Each structure stands twice: as C-alpha cells, then as structure tokens.
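predicted model and sequence follow; I will ask about them next.
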Amino acid sequence: MLKKFLLALVITASTAGFALGQHHHEDARLEATPVVAPADTPEAANNTVCPVTGLPIGEPGKYTVEHNGKIYNLCCQMCAEKFLEDPETCISRLKPSEDQE
C-alpha cells in the first residue's frame, strides 16, 4: 500500500512539474519581444586578413573586435587583445580594400 502511495505521489509531482514548466514556457513566449538592432549598429569592415598578424582569416566573424563603429575580423582571440592595445596601428596594416573605409 505504501509503495502504491509513493508511486502515485511521484507521478503526481512529476506531472505537476511538467505542467508548470509548460505554463511558464507559454508565458515566456507571450512576453518575448522581437530584437531590433539599434540605429548605431557597427558596420563590418569585412577584412579577410588579420590586422594584427597579417594572416588570412580562417572563419570570418568568429573572432571580432569593434573599434570606431567598425567590426574587424581577427584570426584568433589573442589577436583581439593585441588589437585593443593599439588599434590604429593594426588598422593601418590593412590595405584599403581589406578595410573598406
């Protein structure tokens, strides 16, 4: 008898938890608002060469850094740190076609 009671209690608790989770999920969906990009969204520099190392960018958009309203592609995370130390020098290494300013 005790086993049946415990089993019924577990089933009831898990069903109630599932129902609460579903209800919460539906409420969250109703409250969600669409994401709108602000007007001052930085533009992509679209550089294909890392401004720090001069190496080709393997996967554009994977490692990026923003400076003066532009997003620059980098070859790795370490280059992001180096770029931020002296961004103007790094940008000056890019050919005009790589920076698209």
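On my side now, so go ahead. In this text the structure is predicted, and so the values were computed from the model without any measurement. Numbering: from 1, shown residues only.

what sits closest to Asn68 if chain neighbours are left out?
With Cβ to Cβ, 6 or more residues apart in numbering as the criterion, Asn68 has its nearest non-adjacent residue at 7.9 Å, and that residue is Pro87. Any C-beta I mention is one placed from the backbone N, CA and C, and that applies to glycine too.

same check on Cys79?
Going by Cβ to Cβ, 6+ apart, Cys79 has Val52 as its nearest residue, at 4.0 Å.

the one you found touches Lys82, doesn't it?
Yes. Using Cβ atoms under 8 Å, Val52 is in contact with Lys82, at 4.8 Å.

more neighbours, the two?
Higher neighbour count among Val52 and Lys82: Val52, with 23 against 18, using other Cβ atoms under 10 Å.

could you look up the SS state of that one?
Using DSSP: H, G, I helix; E, B strand; the rest coil, the structure places Val52 in coil.

now it: how far from Ala44?
Computed with Cβ to Cβ, to the nearest Å, the distance linking Val52 and Ala44 is 17 Å.

mind listing the strands for the chain?
43-44, 63-67, 70-74 (DSSP state E).

deepest-packed of those strands, please.
Among the strands of the chain, strand 70-74 has the highest mean neighbour count (mean count of other Cβ atoms under 10 Å), at a mean of 22.

partners of that strand in the sheet?
Partners of strand 70-74 in the sheet, by DSSP bridges, are strand 43-44 (parallel), strand 63-67 (antiparallel).

ok, of those strands, where does mean pLDDT dip lowest?
Mean pLDDT per stretch puts strand 43-44 lowest among the strands paired with strand 70-74, at a mean of 84.

contact partners of it?
Residues outside strand 43-44 that contact it (Cβ atoms under 8 Å, 6 or more residues apart in numbering): Gly69, Lys70, Ile71, Asn73.

now the strands paired with strand 70-74 in TSV, with distance to Ser92?
Converted to TSV, the strands paired with strand 70-74 look like this (distance: least, Cβ to Cβ, whole Å):
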stretch	distance to Ser92
strand 43-44	19
strand 63-67	12
